[in-house]
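*Asks:* sharing a model that was predicted from the sequence below.
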Amino acid sequence: MVKSKERKVLRVQRGRSTKSTKVEVPRPLRGRKRVFNLIYSTNWQCNEDLSSLPPELREATRRMSAQTPLCCELTNRSFMQLLARIARELGFEVKRWPVRGPETCMALTRAARDGHISDCSAMLLHAWHGSYDKECVPSWDFYPLLKALKERSVVLYPSPELDEVHSAKRYRSEFMAPTQFLTLTRKAHGWSANGHPVAAAVRQAVKELLREAELNGLTTENLMLKQGFSWGGAQVTRLRPFEVLEFLRKRVIPKIPPQAKALTILLQAKVDLVAELRWMVLEGQLRGRGWVTLPVPRVGRRANSGCYKNEVACRAALEKGHLDRLALEEAIRPKVEQVVQEATRDAGGQVPQYLRVDFLVDKQGRAWLGERESWGADLVRNQVNPLGRSSCRRFFVPRSRPVTGLASVTSDALPTANERCAKTDGSKVWLVFSLGESQNSARAKMLLGSS
């Protein structure tokens with residue numbers, strides 16, 4: 001058995017920061033070298049049409065686009081190499097398990113079920129309703145793999161118990177704006193919604209939503225439709241109530257992949273959005289926060305049809321609306337803590353290793369839960385860039401995507417353009433693996449800044 005005083009100290013110097021990182025862990029058990037399994041994607045290529053760019057920029061843009069994840073910044077190859085290096089320095093034997101398509105994913109699932117993957121696993125993948133593209137894996141292949149890994153090893157992942165609930169957008173909270181859930185289910189004869197014909201279920205859901213919106217002093221002229229297994233506002237659409245059924249029939253149901261058995265749709269009352277506060281929660285503790293907001297789309301448009309408002313723009317919007325930013329942050333803090341408790345209950349009492357909680361602030365200063373998710377993109381923004389979020393064709397804006405138990409930065413941190421893995425000026429960076437004395441205890445943490 002390892003004595004508690006026997007520790008290995010590792011200092012990691014990141015970028016130009018003058019502060020070093022102190023990683024303190026118990027030594028591995030004598031006589032046995034533990035295995036650190038890296039499950040990662042090899043589908044890193046550029047699928048964008050760059051023909052509109054000047055010829056001299058196409059190659060550089062192609063290379064940069066090929067290395068930029070679709071959703072999770074810390075699933076990229078640079079971060080994978082960092083995890084492997086630290087694991088080796090801490091005494092692990094690193095095994096790599098690449099995933100490229102359904103064949104390799106199913107083979108990996110079988111290997112996990114047969115006990116060939118043990119000790120500790122880092123799954124640098126993300127579920128969606130699409131093909132194998134960069135870090136993203138179809139949900140019908142992703143979750144059997146995640147389940148098999150959970151049964152055989154300690155999974156370094158934000159919350160293995162909650163990931164499908166979050167990705168599918170099936171969680172509930174008392175802080176949500178009025179919301180109606182529609183579960184579209186594939187049947188032999190077509191689709192049903194909540195066990196009823198789609199048209200009848202939609203009419204009933206819209207009727208209930210408008211009634212609740214009116215009771216809460218929210219508009220009944222428009223509503224927001226959100227689809228599961230999407231992010232970044234890509235499948236969040238502003239609609240008039242009478243347009244919902246036609247939108248589902250023509251724009252949603254025909255595009256559901258044939259392998260998907262169900263899809264959750266949220267119909268939510270529209271909030272007069274001023275700004276959005278995003279909180280990072282590490283093992284139940286609030287660690288960092290930042291303001292970043294998607295624009296309110298025009299009717300019929302998606303939420304990602306415009307540029308993000310960055311921290312500077314959000315503060316200006318709050319000031320224009322005569323809303324006290326610091327007072328709002330402190331008022332929202334206990335609500336975030338309660339949302340963490342809700343998530344813990346949903347996980348069967350298991351505190352999520354990492355959680356991101358987003359609250360929408362309206363013109364009256366009311367806070368509504370906008371998102372509760374396992375991953376955490378889009379907190380870090382280039383505050384110098386007045387446009388907020390930019391595409392790779394105009395200006396590279398690095399993003400933070402925390403992995404297992406990874407928290408984020410303070411709202412004042414400024415990202416540098418040459419650090420892909422969420423490096424921020426003046427912030428402290430820790431990358432910690434800690435091993436308990438029992439064979440199945442492991443944890444990965446990355447703390448960027450403090451609250």
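*Replies:* Cool, the structure landed.
*Asks:* okay, now Thr109: neighbour count?
*Replies:* Here the number of neighbours of Thr109 (other C-beta atoms under 10 Å) works out to 20. No exception for glycine: its C-beta is placed from N, CA and C like everyone else's.
*Asks:* what's the first helix or strand after the helix or strand it falls within?
*Replies:* Here Thr109 sits within helix 102-113, counting by DSSP states H and E. Counting by DSSP H and E, the next helix or strand C-terminal to helix 102-113 is strand 120-123.
*Asks:* paired strands for that next one, with orientation please.
*Replies:* Sheet partners assigned to strand 120-123 using DSSP bridges are listed as strand 35-41 (parallel), strand 154-156 (parallel).
*Asks:* and these, which one is worst for confidence?
*Replies:* Within the strands paired with strand 120-123, the least confident segment by mean pLDDT turns out to be strand 154-156, at a mean of 84.
*Asks:* what's the closest non-adjacent residue to Pro257?
*Replies:* Spatial nearest neighbour of Pro257, excluding adjacent residues (C-beta to C-beta, 6 or more residues apart in numbering): His129 at 5.4 Å.
*Asks:* the biggest helix by length in the chain: which residues count as buried?
*Replies:* Identified as the longest helix of the chain according to DSSP state H is helix 325-346. The neighbour-count check on helix 325-346 (16 or more other C-beta atoms under 10 Å) flags 325, 328-329, 332-333, 335-336, 339-340, 342-344, 346 as buried.
*Asks:* in CSV, list those along with pLDDT and distance to Gln259.
*Replies:* Listed next are the buried residues of helix 325-346 as CSV, based on pLDDT from 0 to 100; distance: C-beta to C-beta, whole Å:
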residue, pLDDT, distance to Gln259
Arg325, 94, 45
Leu328, 96, 43
Glu329, 95, 43
Ile332, 97, 39
Arg333, 96, 41
Lys335, 97, 38
Val336, 96, 36
Val339, 97, 32
Val340, 95, 33
Glu342, 96, 31
Ala343, 94, 28
Thr344, 94, 32
Asp346, 94, 26
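*Asks:* about what we covered before: relative to Leu245, which of the strands paired with strand 120-123 is closest?
*Replies:* The minimum distance between Leu245 and the strands paired with strand 120-123 falls on strand 35-41, with 37.2 Å, by C-beta to C-beta.
*Asks:* show me how this protein divides into domains.
*Replies:* The record assigns the chain these domain ranges, following automatic domain parsing: 33-156, 179-269, 273-448.
*Asks:* and stretch 114-127, average pLDDT?
*Replies:* Across stretch 114-127, pLDDT averages out at 90.
*Asks:* check which helix or strand covers Arg170.
*Replies:* Element membership for Arg170 (DSSP H and E) is empty, with no helix or strand holding it.
*Asks:* check contacts around it.
*Replies:* With contacts defined as C-beta atoms under 8 Å, 6 or more residues apart in numbering, the neighbours of Arg170 are Glu164, Phe181, Gly228, Thr264.
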